[in-house]
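Peer 1: Based on what follows, work out the 3D shape:
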Amino acid sequence: MFANFIYFIVALLIYATYPPAEKTHFAPLDTLIFFVSLILLFHLFSKRQFSRLIPIHSVSQSYDTLDRRFTTALTRQSIMAVVLFAVDIYGLNMSSFFYGFRPFDAIPTLEALFFMLLFTGYLALVWFNAHAAYARIYHSVLSRKAYVVSNIQFSVPVLLPWLLLSGIADLILALPFELPRRVLTSSAGEVGYFFVFLIVLVIFAPLMVQKLWRCRPLESGFYRKRIETVCRQARVDYANILYWPIFGGRMITAGVMGLVSRFRYILVTDALLRSLDPDEVDAVIAHEIGHVKKYHLLYYILFLVGFSVVAFSTHNIIVYLIIISKPIYRFAFFTGLSVGTIVAGLQSLFMIVGFILYFRYIFGYFMRNFERQADTFVYRIFSSAGSLISTFQKIVDVSGQSADKPNWHHFSIRQRVDFLQRCERDRSWIVRHDRKVRISLQIYAVTMILLAIVGYQLNFGQTGKRMNDRFIEKAILNEIDRNGQGTAELYGMLGDLYFGRNRYEQAARAYRRALDLAPDSAIVLNNYAWMLATCEDPAHRNGTLALSLARRAADIEQTPHVMDTLAESLYVNGHIEAAIAAATIAQKLAKSNLTYYDGQLEKFRTAREKPLLE
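Peer 2: Here you go, the predicted structure:
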């Protein structure tokens, strides 16, 4: 089930990392035909794969073999759903067809939500087709609808943080209130918003999730009193004890969620209460309390933030490796794709692969060891873990699953039982495991700190700036060589690069070459004008030419940065009133970096009161 979390997050990364294409690969009608055809083919193939498992069930095959075959088929079909979604985004450019759709333009999260619902539909199709085989192999009486809905209800909450974070930000930017927009569009405001949101979400998310899962309070009675007694004995406070209706409540499982006691919930399934003895229920609850007392829930949140640190720190390195890879340029030559498109696609691929590896091996490592640590917490409350051991054995008997079944986020049941039996004989194993977890966390923390320092240097330090400039210059020059004489876009980018490095002569030469190839390129006209109006070297400053170029750019398109360049060019030529008018337009058009445009307008107004000295 936890694999579903990864599928959803990977799908979100696929969508979020896709750079919108200016031109779609196919016409709208062709895209629709391909889209529908792919869904039909996927449905037929998925249905066939699961249908083949039902005849196998009728012959004499072990339960372990059938379980392994079903799990493998489900994993493969879920991965195919991810691939199909990637084809929709990257191959069919489906998001590009919604460009100009006003609700999506106003609140981009709505578009992302639409595509995440599409992906949910793909997985729902897999679960729909898997149900018959699932029911036969696991002897389940769960209806097809309940099976599909349970999978969706369990998995979708993983998207809740993104949905709220992105959706609230979009609403703030869409509302006609200036101050919140200014704060949110500033760098400090973005960081502050993220951390405030994270804190609020960590506190209140369990309240929302238990509503999404349709949990209901455990009624007063024998089992509620026993669970309350165990919690009091461990000195753990909570908001409520709830029935967890996952898969109709037929799974023998329990859970706990919530860092703050007022929004902490103890979850139990009906099957757990019906199948286990009272002492075994107590042991399971003690295990869940172990997660609270050992702060595992907090660590899980930090591990999620840790992936952001890894992605932030390795992003530029990955881009550099892609840029200097000559096969990239050969591939671009043979396919006709732009290098930019290929680099963006590879960036997305590396991020997705990195995410899977991080959660499979690093996150999974800590999850397995945290589960073992929670198992040993039973000894803090009871003198023996015998009831927990018998619970594991009963789960094997009731579910029919092999005790040796591998799992990336839990040790196998046999491994967990063996370790508890070792602890029964020698309690020092508990201390050893706690020490192992503590050292692992320390190594992780040191690694994250080092990665954060490296990431800061690569993204904001002088070392990173020099590396960035050198690799980008190499990439542009390689692309110019590949195209023969190059394009206006490439020479414009080269000019921007040289300008940023104060190599004004080379920048001017690149800008002039770009204008030779595309005289009406607004971006080249604008950037060249900005350099001529603002460069630090008076020998390369030319206010008259800057104003001429800026006016040509403004005649082609009126965007905030173009109007700002026009205002700056008017300002350096002494046309203060005209500069104020242009800057006012730029300020009204701007949707981000509002502080900068306010500062420009204020500078020109001050100059009107105190004329510019030549």
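Peer 1: how many other residues sit next to Y597?
Peer 2: When neighbours are defined as other CB atoms under 10 Å, Y597 has 22 of them. (C-beta placed from N, C-alpha, C; glycine too.)
Peer 1: Repeat that for the one 10 residues further on.
Peer 2: The number of residues packed around A607, counting by other CB under 10 Å, is 16.
Peer 1: and it, what is it in contact with?
Peer 2: 571, 576, 579 (CB atoms under 8 Å, 6 or more residues apart in numbering).
Peer 1: Go again with 7 Å.
Peer 2: 571, 576 (CB atoms under 7 Å, 6 or more residues apart in numbering).
Peer 1: again, but for E473
Peer 2: Applying CB under 7 Å, 6+ apart, the residues near E473 are L497.
Peer 1: Poorly predicted segments of the stretch 401-550 of the chain, please.
Peer 2: Scanning the stretch 401-550 of the chain for pLDDT under 70 picks out 462-469, 471, 479, 482-486.
Peer 1: where along it do the helices fall?
Peer 2: Counting by DSSP state H, counting those that start in this stretch, one finds helices in the stretch 401-550 of the chain at the ranges 413-425, 428-460, 462-483, 488-500, 504-517, 522-534, 543-556.
Peer 1: Of all those, which one is nearest G192?
Peer 2: Set against G192 and scored by CB to CB, those come closest in helix 428-460, at 17.9 Å.
Peer 1: other SSEs contacting that closest one?
Peer 2: Contacting helix 428-460 under the criterion 3 or more CB pairs under 7 Å, 6 or more residues apart in numbering; DSSP states H and E are the following elements: helix 296-323, helix 364-376, helix 413-425, helix 462-483.
Peer 1: and among the ones you listed, the most buried is which?
Peer 2: Greatest average neighbour count among the helices and strands packed on helix 428-460 goes to helix 364-376 (a mean of 20), per mean count of other CB atoms under 10 Å.
Peer 1: Now do whichever helix or strand comes after it: which elements does it pack against?
Peer 2: Downstream of helix 364-376, the next assigned helix or strand under DSSP states H and E is helix 378-381. On a contact count with 3+ CB pairs under 7 Å, 6+ apart, helix 378-381 meets helix 222-234, helix 278-293.
Peer 1: Need the contact partners of helix 378-381.
Peer 2: Helix 378-381 is contacted by residues 230, 233-234, 283, 286-287, 385, 388, 423, 427, 430 when judged by CB under 7 Å, 6+ apart.
Peer 1: now swap in stretch 430-441 and tell me
Peer 2: Contacting residues not belonging to stretch 430-441 are listed as 366, 369, 372-373, 376, 379, 423 [CB under 7 Å, 6+ apart].
Peer 1: could you dump that stretch to CSV, C-alpha only?
Peer 2: Provided in CSV are the C-alpha atoms of stretch 430-441 (Å, rounded to 0.1, in the frame of the first residue of the first chain):
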residue,chain,number,x,y,z
ILE,A,430,17.2,-3.4,22.6
VAL,A,431,20.0,-1.0,23.7
ARG,A,432,22.1,-2.1,20.6
HIS,A,433,19.3,-1.3,18.2
ASP,A,434,18.5,2.1,19.9
ARG,A,435,22.2,2.9,19.5
LYS,A,436,22.1,1.8,15.8
VAL,A,437,19.2,4.1,15.2
ARG,A,438,20.8,7.0,17.0
ILE,A,439,24.1,6.7,15.1
SER,A,440,22.2,6.4,11.8
LEU,A,441,20.3,9.6,12.5
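Peer 1: how far out from the middle of the chain is it?
Peer 2: 30 Å (CA atoms, centre = their mean, to the nearest Å).
Peer 1: Make 681 the first number, not 1, from now on.
Peer 2: Fine by me, first position is 681 from now on; the one you just mentioned is stretch 1110-1121.
Peer 1: any idea which of the helices and strands packed on helix 1058-1061 is most buried?
Peer 2: Of all the helices and strands packed on helix 1058-1061, helix 958-973 has the most neighbours on average by mean count of other CB under 10 Å, namely a mean of 22.
Peer 1: in whichever strand or helix holds A849, what counts as buried?
Peer 2: In this structure, A849 sits in helix 840-854 according to DSSP H and E. Buried positions in helix 840-854, judged by neighbour count with 16 or more other CB atoms under 10 Å: 841-847, 849-850, 853.
Peer 1: With pLDDT as new columns, can the residues you listed be given to me in JSON lines?
Peer 2: Formatted as JSON lines, the buried residues of helix 840-854 follow (pLDDT from 0 to 100):
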{"residue": "P841", "pLDDT": "89"}
{"residue": "W842", "pLDDT": "90"}
{"residue": "L843", "pLDDT": "91"}
{"residue": "L844", "pLDDT": "90"}
{"residue": "L845", "pLDDT": "89"}
{"residue": "S846", "pLDDT": "91"}
{"residue": "G847", "pLDDT": "91"}
{"residue": "A849", "pLDDT": "89"}
{"residue": "D850", "pLDDT": "88"}
{"residue": "L853", "pLDDT": "82"}
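Peer 1: just to revisit the earlier point, could the helices and strands packed on helix 1058-1061 be laid out in CSV, adding distance to V936 and mean pLDDT?
Peer 2: Shown next, in CSV, are the helices and strands packed on helix 1058-1061 (distance: least, CB to CB, whole Å; pLDDT from 0 to 100):
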stretch, distance to V936, mean pLDDT
helix 902-914, 10, 96
helix 958-973, 4, 96
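Peer 1: what's the closest of these to E1185?
Peer 2: When the helices and strands packed on helix 1058-1061 are compared by CB to CB, helix 958-973 sits nearest E1185, at 63.9 Å.
Peer 1: Relative to the whole chain's centre, how far out is the closest one?
Peer 2: The chain centre lies 32 Å from the centre of helix 958-973; the measure is CA atoms, centre = their mean.
Peer 1: Report all helices and strands that it contacts.
Peer 2: Identification of packing neighbours for helix 958-973 by 3+ CB pairs under 7 Å, 6+ apart yields helix 902-914, strand 934-937, helix 950-955, helix 1044-1056, helix 1058-1061, helix 1066-1079.
Peer 1: mind checking which of the ones you listed is nearest V836?
Peer 2: Closest to V836 of the helices and strands packed on helix 958-973 is strand 934-937 (CB to CB; 15.1 Å).
Peer 1: In the contacts of helix 1058-1061, find the pair that's most separated.
Peer 2: Using CB to CB, the two most remote members of the contacts of helix 1058-1061 are V910 and R1107, lying 20.6 Å apart.
Peer 1: what about the helices and strands packed on helix 1058-1061, which gets the closest to I879?
Peer 2: Of all the helices and strands packed on helix 1058-1061, helix 958-973 sits nearest to I879, with 18.5 Å by CB to CB.
Peer 1: And for that closest one, what's in contact with it?
Peer 2: 903, 906-907, 910-911, 914, 916, 934-936, 946, 952-953, 956, 977, 1050, 1053-1055, 1057-1058, 1061-1062, 1065, 1067-1068, 1070-1071.
Peer 1: which is the next helix or strand following the helix or strand where P1007 lies?
Peer 2: Per DSSP H and E, P1007 falls inside helix 1006-1015. Moving toward the C-terminus from helix 1006-1015, the next helix or strand (DSSP H and E) is helix 1019-1037.
Peer 1: name the helices or strands packed onto that next one?
Peer 2: Going by 3+ CB pairs under 7 Å, 6+ apart, helix 1019-1037 lies up against helix 682-696, helix 976-1003, helix 1006-1015.
Peer 1: ok, 8 Å please
Peer 2: Packing partners of helix 1019-1037 (3 or more CB pairs under 8 Å, 6 or more residues apart in numbering; DSSP states H and E): helix 682-696, helix 976-1003, helix 1006-1015, helix 1142-1163.
Peer 1: And those helices, which one averages the lowest pLDDT?
Peer 2: Mean pLDDT is lowest for helix 1006-1015 among those, at a mean of 63.
Peer 1: re earlier: identify the farthest-apart pair in the contacts of stretch 1110-1121.
Peer 2: F1046 and Y1059 (21.0 Å).
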